[in-house]
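Undergrad: coords below, sequence missing:
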């Protein structure tokens, strides 16, 4: 049929080949699939690289925290050793034993104590008594040794000197430990007292401890971890790393001062690595964590195989798999990131089964535990410091209380004793009054001795007692002690015998304290010996040892108490003597004083009812060659006309003492405060001033200084501090203020008069 006029025929498309259509269809399907897959793979590669960097950075930070925790643990152990009282006493052998217990918990470690000149005082791996080197001299030599083909310095770089001079903890780089014959790391801290470095402690331990930490924390074969010191030497690695201990680490271009970052490098075995690093803020060591680099745009290995499989399988399957894989990776990492931002460790029940992610989660948990442990240890240290401060404060308060108690007890005892002496001088010859007066004097003296013994025990316990070292005639000490006990012996109806060797032995020590020891022993013998008994003082010398024995026929000591009676507050209770045994201070005080003189004391007895013997042994010294009799003191002013000013805010004490001095021939005036005392000295110009310290306006020290500074006085009077403050520091303060003498209340009136007679005759 012919076409109609004016109508253009329709053009029919040319049929295409089936293969061509299928090819175009395949191209239409494969091209977007290929482009989409390539795009997805590129995005996945970038995401995997970011994930890897995040994982490696977190792992590096966790390992840095773990390494710092190891160093902090060692630092805390050294702090405990440095705070020990053994450092203050200089007992290095005992401190070494303490340190050895610490190193026993750290295999391969050792602790060294270094003096202020670099001399080693002890080393826990060197037997006590062996010669020890000077570390500062060794460190200055800068020697090296080749260990398994790697050079290492033989010194930690004068670590102890750095700690001593800087006053803070310092850490060494890796070096060869001479004592342990292998590589080692060291931490040194200064041992400070009153803000000054006195010694330095060094803790040295093998890098194997950190090696074990890395091996346990990084157990994924693909991840390599290494710890590098400040010199760029490898300190510890895990099993996957190509470097080993003491190798020179590969330079990865870390910027100075950068605390963390990422790097790309090629390892010693030729593997391209991508990694992260973190620098320890404690010691400047660097933790490097890396893994094989997966590529810039397209992934390799398993991911590349997945790429070909996805092309063959189908776009839907590839999209599903990619979506599932993406969600499986992204969700746990996002949750870990949220945990890190919230500051909480990831819970164990949320493990994904993906080794790297679970490893990262475990590393975060380990880091959280290490941080918690560090905080707890810091809290314990703070509590210990607070407790120590409280103990020091309590000790100071106790000392102040004892000193104040002694002062408050002595002040009323002074007028009591003076009043008893006035009764003797002015009272009628009444036997009852005489016995009452004698009882008052005895009990006043007894109470005064109790106060002195308590203070002496406190001072000796705290190591604050000072001994005057001089050559002492032990025979004279025994004689003086026996003379002072004469009245007590007669009152107890006893016989006191003296057996002093001729010539008597001499010892080096404090005559006053040695006399106090003998008086304590004699007083103890008198208390426990019945009327009619005998007390004997014997002084001899045998083989360079001076021996003083006090024997009695009293009640004796049971065998079980021969050693215990020298302990503080321990007493031997006897029938009939239960009310006369005292506080149990005298024998304890005697033993401590004898030991301070380098001697020993022991007690022997055949049992209860058979008496006892107390034996003191002291190192004898040669007799001095210039022992001469004392020259007579030339006569000077007499009592008659000598003016004495008594200053005391206790009116009873001032009035009784002034009345007694007046009866003894002195011209006496009284003042009750420091200002009045200074004015009275200016107006009356007395020959002597008996001046109390605790006055209501200005204290006795200030009054003394004002009197000494008064240039208008025709002559300076004799100034005597008469006070209830009797400690060594109080006596030193009196001398520093300008006093001529110091007397502790209650003082014997005879002693006051004797002092005035002696000083005013000069």
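TA: Everything's here; your move. None of these values were measured; they are calculated from a predicted model.

Undergrad: what mean pLDDT does stretch 547-562 get?
TA: On average, the pLDDT along stretch 547-562 is 89.

Undergrad: pull out the buried positions in it.
TA: Of the residues in stretch 547-562, 547-557, 561 count as buried by neighbour count, 16 or more other CB atoms under 10 Å. C-beta here means a position set from N, CA and C on the backbone, and glycine is covered the same way.

Undergrad: filter the residues you listed down to the ones in strands?
TA: 547-552 (DSSP state E).

Undergrad: before we move on, the earlier item: tell me the one of the buried residues of stretch 547-562 nearest residue 347?
TA: Nearest to residue 347 among the buried residues of stretch 547-562 is residue 561, at 65.0 Å by CB to CB.

Undergrad: quick check: that closest one vs residue 520, distance?
TA: According to CB to CB, to the nearest Å, residue 561 and residue 520 sit 17 Å apart.

Undergrad: tally up the residues packed near residue 712, please.
TA: Using other CB atoms under 10 Å, residue 712 is surrounded by 5 other residues.

Undergrad: could you look up the SS state of it?
TA: With DSSP: H, G, I helix; E, B strand; the rest coil as the basis, residue 712 sits in coil.

Undergrad: contacts only, for the nearest residue to it once chain neighbours are set aside.
TA: Counting by CB to CB, 6 or more residues apart in numbering, residue 682 is the residue found nearest to residue 712 once chain neighbours are left out, at 7.2 Å. Counting by CB atoms under 8 Å, 6 or more residues apart in numbering, residue 682 touches 710, 712-713.

Undergrad: secondary structure element holding residue 682?
TA: Assigning secondary structure by DSSP states H and E places residue 682 in helix 674-684.

Undergrad: okay, now the nearest residue to residue 377 once chain neighbours are set aside: neighbour count?
TA: Distance criterion CB to CB, 6+ apart; nearest residue to residue 377, sequence neighbours excluded, is residue 76 at 5.7 Å. Residue 76: 14 surrounding residues under other CB under 10 Å.

Undergrad: same check, this time on residue 198
TA: Residues lying near residue 198 (other CB under 10 Å) number 15.

Undergrad: now the closest residue to it other than its chain neighbours: which helix or strand?
TA: Leaving aside its chain neighbours, residue 198 sits nearest to residue 191 (5.4 Å; criterion: CB to CB, 6+ apart). With secondary structure defined by DSSP H and E, residue 191 is part of strand 182-193.

Undergrad: what are the pairing partners of that strand, and which direction each?
TA: Partners of strand 182-193 in the sheet, by DSSP bridges, are strand 170-171 (antiparallel), strand 175-177 (antiparallel), strand 196-205 (antiparallel).

Undergrad: which residues touch residue 508?
TA: 469-472, 597, 619, 621.

Undergrad: and those residues, which two are furthest apart?
TA: Among the contacts of residue 508, 470 and 619 lie farthest apart (CB to CB), at 14.3 Å.

Undergrad: the more surrounded of these two?
TA: Taking neighbours as other CB under 10 Å, residue 470 and residue 619 compare with residue 619 leading, 14 against 11.

Undergrad: before we move on, back to that, residue 89: which of the strands paired with strand 182-193 is closest?
TA: Taking CB to CB, strand 196-205 is the member of the strands paired with strand 182-193 nearest to residue 89, at 12.7 Å.

Undergrad: what is whichever helix or strand comes after the closest one packed up against?
TA: Sequence order places helix 208-217 as the next helix or strand after strand 196-205, per DSSP H and E. In terms of contacts (3 or more CB pairs under 8 Å, 6 or more residues apart in numbering; DSSP states H and E), helix 208-217 is packed against helix 18-82, strand 224-228, strand 234-237.

Undergrad: change it to 6 Å
TA: strand 234-237 (3 or more CB pairs under 6 Å, 6 or more residues apart in numbering; DSSP states H and E).

Undergrad: now do the buried residues in the strand it packs on.
TA: Neighbour count says strand 234-237 has 234-237 buried, by 16+ other CB under 10 Å.

Undergrad: how about stretch 370-384?
TA: 370, 374.

Undergrad: go ahead and confirm residue 249 touches residue 227.
TA: No. Distance between residue 249 and residue 227: 9.5 Å, which falls outside the contact criterion (CB atoms under 6 Å).

Undergrad: out of those two, which sits in the more crowded spot?
TA: residue 227 (27 against 18).

Undergrad: which of the contacts of residue 508 tops the neighbour count?
TA: Counting neighbours by other CB under 10 Å, residue 472 comes out on top of the contacts of residue 508 with 24 neighbours.

Undergrad: so that residue touches residue 505, yeah?
TA: No. Counting by CB under 6 Å, residue 472 does not reach residue 505; the two are 9.7 Å apart.

Undergrad: residues in a beta bridge with the residue nearest to residue 198, which ones?
TA: Applying DSSP bridges to residue 191 gives these bridge partners: residue 199.

Undergrad: 410 is where my numbering starts, stick with that
TA: In the new count, where the first residue is 410, that last one comes out as residue 600.

Undergrad: burial count for it?
TA: For residue 600, using other CB under 10 Å, the count is 22.

Undergrad: picking up where we left off before, could the buried residues of strand 643-646 go into TSV alongside distance to residue 1012?
TA: Converted to TSV, the buried residues of strand 643-646 look like this (distance: CB to CB, whole Å):
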residue	distance to residue 1012
643	68
644	62
645	62
646	68
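
Undergrad: show me the two of those that sit farthest apart.
TA: Farthest pair in those, by CB to CB: 644 and 646, 8.5 Å.

Undergrad: low-confidence stretches in the stretch 710-859 of the chain?
TA: For the stretch 710-859 of the chain, residues meeting the criterion pLDDT under 70 lie at 710-717, 719-720, 722-739, 752, 758-759, 761, 803-820, 822-859.

Undergrad: hmm, I was thinking of the stretch 910-1059 of the chain
TA: Those would be 977-993, 1035-1050, if you go by pLDDT under 70 across the stretch 910-1059 of the chain.

Undergrad: cutoff 50 now
TA: 984-989, 1037-1046 (pLDDT under 50).

Undergrad: which residues of the stretch 1060-1171 of the chain fall in strands?
TA: Secondary structure of the stretch 1060-1171 of the chain (DSSP state E, counting those that start in this stretch): strands at 1076-1080, 1097-1100, 1127-1132, 1150-1153.
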